[in-house]
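**Student:** attaching a predicted model along with its sequence, questions to come.
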Amino acid sequence: MSNLVLFQLRKSTVALSAISQLSQRLQSTSSQVVVRENTKREQKRVVPPNYRHIYPEFLPDPNMEFRNSVREKLERTDMINRRSRIEIPEFYVGSILAVTSSDEHAVGKTTKFVGICIKREFCGLRANFTLRNVVDNLGVEIKYEMYDPRLQRVQVLRLEKRLDSELLYLRDADPEFSTFPFDMDAEFLNEGAPVPVNPLKVNFLCCISANCFYIVHHRSI
């Protein structure tokens, strides 16, 4: 009888030890899963959320018809390689830029243009931006391909945003809103300071109808 009791006690002890080992394994497995999830979250946080506004050309094409994962991957590789050779700083529509590019017909083989960014469009290697300035009472606009190998330097003279996503209405506005000196000095922001938003209201040379699309779609008028 005593042997039977001892056998049952040993059996129950073995069962309890097996259960405790199983519970320890489950706890260790769950802790590993939690650590992996936290690691993944930390890896995702490496890229700040505001980068989607600083580098919009790295985002997928908003038109689903033109999306292609292979093309986008190859283009992003080329874009990163290009950025390793030339600094393309942060800028927005409304920022004042100075762009130096190669020109075989110019004296010194380079040209420099200063202007306000009135438009940014497209993504990938097709990304471009348009600068506008008034030179000798004549409005001049130049569209630059952002990853054009002829670009030698892109300098931000004044980093700021506007209330609108594009400033094409400056073509019909008073020239003073599009006039910037070519010897303009760069203005610097304190490190970590937010990008200022210029709430400037634009005046037009002529009277605009209330039904004009400028009035409907823009806030800086």
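**Tutor:** Nice, thanks for sending it over.

**Student:** please make it C-alpha for all contacts and neighbour counts, starting now.
**Tutor:** Will do.

**Student:** wait, what's in contact with the spatially most central residue of the chain?
**Tutor:** In the chain, the residue lying closest to the centroid (Cα atoms, centre = their mean) is Tyr55, at 2.0 Å. Residues near Tyr55 by Cα atoms under 8 Å, 6 or more residues apart in numbering: Glu90.

**Student:** look up which residues are beta-bridged to Phe204.
**Tutor:** Phe204 forms beta bridges with Ala173, as assigned by DSSP bridges.

**Student:** how about it, what does it touch?
**Tutor:** Phe204 touches 172-174, counting by Cα under 8 Å, 6+ apart.

**Student:** by neighbours, which of those wins?
**Tutor:** Ala173 (16 neighbours; other Cα atoms under 10 Å).

**Student:** quick one: the strands in this protein?
**Tutor:** Using DSSP state E, the strands found in the chain span residues 96-102, 110-121, 128-135, 138-145, 151-158, 161-162, 197-198.

**Student:** what's the longest one packed up against?
**Tutor:** Counting contacts by 3 or more Cα pairs under 8 Å, 6 or more residues apart in numbering; DSSP states H and E, strand 110-121 packs against strand 96-102, strand 128-135.

**Student:** need the residues that contact the first one.
**Tutor:** Spelled out, that is strand 96-102. Outside of strand 96-102, the residues within contact range by Cα under 8 Å, 6+ apart are 109-117, 131, 150-160.

**Student:** please list only the buried members of the residues you listed.
**Tutor:** Those of the contacts of strand 96-102 that meet the buried threshold are 111, 113-117, 131, 151-152, 154-160, by 16 or more other Cα atoms under 10 Å.

**Student:** could you count how many residues lie near Glu57?
**Tutor:** Neighbour count of Glu57, defined by other Cα under 10 Å: 21.

**Student:** bridged to Ile96, which residues?
**Tutor:** Ile96 has the following beta-bridge partners by DSSP bridges: Ile116, Arg158.

**Student:** number of residues surrounding it?
**Tutor:** Neighbours around Ile96, by other Cα under 10 Å: 26.

**Student:** for this protein, what spans make up the helices?
**Tutor:** With helices called from DSSP state H, the chain shows them at 2-44, 51-54, 69-83, 213-217.

**Student:** so where's the protein uncertain?
**Tutor:** Applying pLDDT under 70 to the chain flags the ranges 1-47, 205-221.

**Student:** repeat the analysis, applying 80 as the threshold.
**Tutor:** Applying pLDDT under 80 to the chain flags the ranges 1-52, 203-221.

**Student:** hang on, Trp178 packs against Cys117?
**Tutor:** No Trp there; residue 178 is Ser. No: assessed by Cα atoms under 8 Å, Ser178 is found out of contact with Cys117, at 9.9 Å.

**Student:** any common contacting residues for the two?
**Tutor:** Taking Cα under 8 Å, 6+ apart as the contact definition, Ser178 and Cys117 share the neighbouring residues Arg132.

**Student:** so how far is the first residue of stretch 190-201 from its last?
**Tutor:** This stretch, stretch 190-201, spans 26 Å end to end (Cα to Cα, to the nearest Å).

**Student:** distance from the chain centre to it, please.
**Tutor:** Its chain's average C-alpha position is 16 Å from that of stretch 190-201, according to Cα atoms, centre = their mean, to the nearest Å.
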